[in-house]
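sharing a sequence plus its predicted fold:
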Amino acid sequence: MGSFEGVIDETRFVAPGILSRSDVAERRAKLAHVVAGEIIPRLMLLHKEVVKAAEPPSEAEIAGLAQRVLSADIAEAARYITLLRDRGLSMERLFVELLEPCARHLGQMWDRDACDFIDVTLGLGRLQKLLAVFNSTHILPALDEKRRVLMLTTPGDQHVFGLSMVTKFLDAGGWRVDSEIGAPLELAGETVGQSWYAVAGLTLGSERHLAQLKAMIAMIRRRSLNPAIGVMVGGPVFSADPGLAKSVGADATAVDAPTAVLTAQKLFDLGALRSWAA
């Protein structure tokens, strides 16, 4: 992991307009000072404790990873994840119990004004980069142009605010995003049948439209040019009951916009690996 910085281009995971801002270096320096003076000493003490192999990452460890991706020390963040993996945690558990909570933690920091949108975007970009490396999709050719996601609202549903927020974060996170607000079932099928998408994201605000959502997901899978398309869902219904995602035919759900970005990356990686293996 010592040469991690050169493994893949960071611009693949963050919109160029954000990386080109004149204050990015200043932000990194300020965050690095906080990490060096406060976070790392605390984490060094934490690492000296004996941890059982099956124990999930603690809140302190989740916060520690968040600070590391905010500080731009991607190599140290990779070593940090490797340390937790080597104590017996699978990558699936690390995603669910460390990376996804880390994305959520970044979103909470934004909510508390502990960091701004640019900081969160840079941190999410690095989390995506880490996920790609640990899933080995960074070694697969010609993937950059396939980082495309289609965002849809469920027919008849009015949950639009959540979709616009997720779209904002995905766009900043280096994704090419198309949105179809209020698209009927047939139009959604035509869209995925005419253009290649790695991921489809759908929002739902009311259980009254669960049947429509299920029908739309089935249509997307049936008509998609990408047979390995990943489908994620979000909205108040799934925040209250994440288990509903599987019942409507989705692959995953995300509780907020930052975790949606990381979930999209995970689904992209899984689809890329399946396509490569085939």
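Received, thanks.

can you give me the helices for the stretch 101-250 of the chain?
Per DSSP state H, counting those that start in this stretch, the stretch 101-250 of the chain carries helices over the ranges 117-134, 161-172, 185-194, 210-223, 236-240, 244-247.

right, so of those, which gets closest to Ala15?
Between Ala15 and the helices of the stretch 101-250 of the chain, the tightest spacing by CB to CB is seen for helix 161-172, at 5.1 Å. Glycine gets a C-beta too; all of them are placed from N, C-alpha and C.

give me the phi and psi for Ile62.
Ile62 adopts backbone torsions of phi -60, psi -50, taken as degrees, to the nearest 10.

and it, how many neighbours?
Ile62 has 19 neighbours, counted by other CB atoms under 10 Å.

same check on the one 10 residues further on?
The criterion is other CB under 10 Å. On that basis, Ala72 has 22 neighbouring residues.

tell me the SS of it?
Reduced to three states with DSSP: H, G, I helix; E, B strand; the rest coil, the structure at Ala72 is coil.

where does the stretch 51-200 of the chain dip in pLDDT?
For the stretch 51-200 of the chain, applying pLDDT under 70 flags the ranges 51-54, 139-144, 159.

tell me which stretches of this protein form strands.
Assigned strands in the chain, in chain order: 148-153, 176-180, 199-203, 230-234, 252-253 (criterion: DSSP state E).

on that earlier part again, closest one to Leu98 among the helices of the stretch 101-250 of the chain?
helix 117-134 (10.0 Å).

check the offset of that closest one from the chain's centre.
8 Å (CA atoms, centre = their mean, to the nearest Å).

for it, which helices and strands make contact with it?
Judged by 3 or more CB pairs under 8 Å, 6 or more residues apart in numbering; DSSP states H and E, helix 117-134 is in contact with helix 16-19, helix 24-34, helix 59-70, helix 74-86, helix 100-111, helix 161-172, helix 257-277.

out of these, which gets nearest to Leu225?
That would be helix 257-277 among those, by CB to CB, at 11.9 Å.

show me what contacts Thr263?
100, 232, 252-254 (CB atoms under 8 Å, 6 or more residues apart in numbering).
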